[in-house]
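Visitor: I would like to see how this sequence folds:
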Amino acid sequence: MAKHIKKHFWNKRPSEGMKSAVAYTFASLFSKGLAFVTVPIFTRIMSTSEMGTVNLYNSWQSILTVVATLSLTYGGYMVALKEYEHERDRYESSVLTLTTFTSIVFFAVYSVAPNFWSRILGLDKSLLLLMLVGFLLLPATEFWLARQRYEYKYKAATLVTIGSAIVASALSTVAVLYMRGSGKAAEGRLFANYAVLYAVALVLWVYIMVRGRKFISMRYWKFSLALSVPLIANQFATQILNNSGRVMIGWFVDNSAVGIYGTLSSVSTISAIVWSAINSSFVPFLYRNINDSEGKKRVRSLASILLLIYAAVCVLMTFLAPEVVKIIATDEYMAAIYIMPPISAAIFQNAISNMYANVLLYHKKSSYIMIASICGAVLNIVLNAVLIPLFGYQAAAYSMLTAFVFLSYVQMRVSKKLHFTITGTKETVYDDKAIIGIQWLVIVLSAIAIPLYHFTIIRYIAAFVLMIVSFFLYKKSKISV
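Guide: Okay, the predicted model is just below:
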């Protein structure tokens, strides 16, 4: 696959495009890696309750940003940059005005009953005001970065992304150390972190407005809203799937439980970075071969092998969970280590969903992805509402796993049926039986890891075997394509 991807990009994209892709990938990985590296620091100088406040804030911000920005910062923006190639400055300032209006509406709704919203969201009013400022300013950063990426202007964007991540992390650590023991360390960390991000966003907000000087345009607004509004439900449902567990733990248990659950689940999601790299390389290959009979055979073979490789990564993370938690957290978190296997298995189910969503996107049937995501989100909320009060915060991990298994099956069935209808064939894109087998293999192996946490040597042997298997599967994936 690597040979084909390399050939595809070098033949069809300018060298600046390749440099841009590498730079943005590096900046993204650096930012995520830095966030992970600082986890061991914060878990040792902040209480689990304070960690819970940070996790709760970030979860609510992820969920509400989708609505507060009308999803204007997502995929539709890129389409608009192409549509208005010679009007980009004016378009950019216009849609930034639109997100500014929506943030003001959110502030007005909050101002009517601040105590009510503070109670519902489980956050201090000062933190809600911090979040509202983000709804106003952060879209400017998103718009600017998206345009820089689109135009292959990667140097400034990479510098801003990496620089702000370093400064924000350093300032957050200093703030927590200074406020340690005051009961306000979480607020100090969040305000310090976002002070840096908001300062950058404010500069970009002014820059975009001054450069564009077009504040209201119904033409731009109608075009953007037509693209973004259908994405709101899908993005909102996706955020619910990813964050509802933390939010509902805050409702039914307490912020300390949110801190433990959120920290360990963030460790489990490290493997998602691996899948992001795999999927971004696989999609071009899939789209080039999906309509070719011989190509489909290669797609079926490669898809199964890639999922096996990723399955090995997820299961390996599960088997090594005790060692990982000892590095990144304190003894308070070790008691909850048993939630990592179901969360890791759930993340793998999401990879299967992505595989089938790629086919739906190819056939321009994204509305089906939205419907499936909404159904999965509703199921997740219902399960959390029933199980967390009965079994505690650990139940959120199993609710998440169930919801993602459901989502993967819905995506699989809908994708296959639509592909048959559109192409007029009965030839599947993937080897569905093999994928289902891999799916349940991951669930079973993840379950087996739980009792093995008491048998270190056996776990190490199993982890070593998984590494060897992953290596041979990787070599096979390169040869088979």
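Visitor: for residue 258, what are its contacts?
Guide: By C-beta atoms under 8 Å, 6 or more residues apart in numbering, the contact list for residue 258 reads 51-53, 55-56, 246, 249-250, 393. Bear in mind the C-beta positions are built from the backbone N, C-alpha and C, glycine included.
Visitor: residue 332 too?
Guide: Residue 332 neighbours (C-beta under 8 Å, 6+ apart): 48, 260.
Visitor: next secondary structure after the host helix or strand of residue 163?
Guide: Assigned by DSSP states H and E, residue 163 belongs to helix 154-179. Using DSSP H and E, the helix or strand that follows helix 154-179 in sequence is helix 185-212.
Visitor: report the buried residues of that next one.
Guide: Buried residues in helix 185-212, counted by 16 or more other C-beta atoms under 10 Å: 185-198, 200-201, 204-205, 208-209, 212.
Visitor: just want the angle from that helix to helix 154-179.
Guide: 150 degrees (axes from the mean of the first three to the mean of the last three C-alpha atoms, to 10 degrees).
Visitor: strands of the stretch 1-150 of the chain, start to end?
Guide: Counting by DSSP state E, counting those that start in this stretch, the stretch 1-150 of the chain forms no strands at all.
Visitor: give me the low-pLDDT residue ranges for it?
Guide: 1-25, 27-29, 74-79, 85, 150 (pLDDT under 70).
Visitor: one step back: pull the most distant pair out of the contacts of residue 258.
Guide: The two members of those with the most space between them (C-beta to C-beta) are 53 and 393, at 15.1 Å.
Visitor: could you single out the nearest of the contacts of residue 258 to residue 98?
Guide: The closest of the contacts of residue 258, once distances to residue 98 are taken by C-beta to C-beta, is residue 56, at 28.5 Å.
Visitor: CA-only coordinates of stretch 332-345 in PDB, if you can.
Guide: C-alpha atoms of stretch 332-345 as PDB (Å, rounded to 0.1, in the frame of the first residue of the first chain):
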ATOM      1  CA  GLU A 332      -5.900   6.100  42.800                       C
ATOM      2  CA  TYR A 333      -6.300   5.300  39.100                       C
ATOM      3  CA  MET A 334      -5.200   1.600  39.300                       C
ATOM      4  CA  ALA A 335      -8.500   0.400  40.700                       C
ATOM      5  CA  ALA A 336     -10.200   1.500  37.600                       C
ATOM      6  CA  ILE A 337      -7.800  -0.200  35.200                       C
ATOM      7  CA  TYR A 338     -10.500  -2.700  34.300                       C
ATOM      8  CA  ILE A 339     -12.400  -0.100  32.200                       C
ATOM      9  CA  MET A 340      -9.600   0.000  29.700                       C
ATOM     10  CA  PRO A 341     -10.300  -3.300  27.900                       C
ATOM     11  CA  PRO A 342     -14.000  -2.400  27.000                       C
ATOM     12  CA  ILE A 343     -12.900   1.200  26.000                       C
ATOM     13  CA  SER A 344     -10.100  -0.100  23.800                       C
ATOM     14  CA  ALA A 345     -12.400  -2.600  22.200                       C
END
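Visitor: return the set of buried residues in that stretch.
Guide: Buried, per 16+ other C-beta under 10 Å, within stretch 332-345: 333-334, 336-345.
Visitor: now for the strand or helix carrying residue 402, which elements pack on it?
Guide: If you go by DSSP H and E, residue 402 is part of helix 395-423. Counting contacts by 3 or more C-beta pairs under 8 Å, 6 or more residues apart in numbering; DSSP states H and E, helix 395-423 packs against helix 218-252, helix 255-268, helix 340-362, helix 366-391, helix 432-452.
Visitor: helix 366-391 and that helix, what's the angle between them?
Guide: Going by the same axes, to 10 degrees, helix 395-423 makes 160 degrees with helix 366-391.
Visitor: stretch 246-257: which residues count as buried?
Guide: Quick answer for stretch 246-257 (16+ other C-beta under 10 Å): 246-253, 255-257.
Visitor: same question, stretch 376-392
Guide: For stretch 376-392, by 16+ other C-beta under 10 Å, it's 376-377, 379-381, 383-384, 387-388.
Visitor: could I get those as a markdown table with pLDDT and distance to residue 302?
Guide: Output for these, formatted as a markdown table (pLDDT from 0 to 100; distance: C-beta to C-beta, whole Å):
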| residue | pLDDT | distance to residue 302 |
| --- | --- | --- |
| 376 | 90 | 26 |
| 377 | 90 | 30 |
| 379 | 94 | 31 |
| 380 | 93 | 31 |
| 381 | 94 | 36 |
| 383 | 94 | 34 |
| 384 | 94 | 36 |
| 387 | 93 | 37 |
| 388 | 93 | 39 |
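Visitor: now, among these, which is nearest to residue 417?
Guide: residue 376 (17.9 Å).
Visitor: how about the contacts made by the residue lying closest to that closest one once chain neighbours are set aside?
Guide: Residue nearest to residue 376 in three dimensions, not counting chain neighbours: residue 407, with 3.7 Å by C-beta to C-beta, 6 or more residues apart in numbering. Contacts for residue 407 were tallied using C-beta under 8 Å, 6+ apart; they are 241, 349-350, 353, 372-373, 375-376.
Visitor: distance of residue 407 from residue 111?
Guide: Residue 407 sits 37 Å away from residue 111, going by C-beta to C-beta, to the nearest Å.
Visitor: how is this protein carved up into domains?
Guide: Per the record, the chain has its domains at 14-229, 269-480, by automatic domain parsing.
Visitor: which of the contacts of residue 407 are buried?
Guide: 241, 349-350, 353, 372-373, 376.
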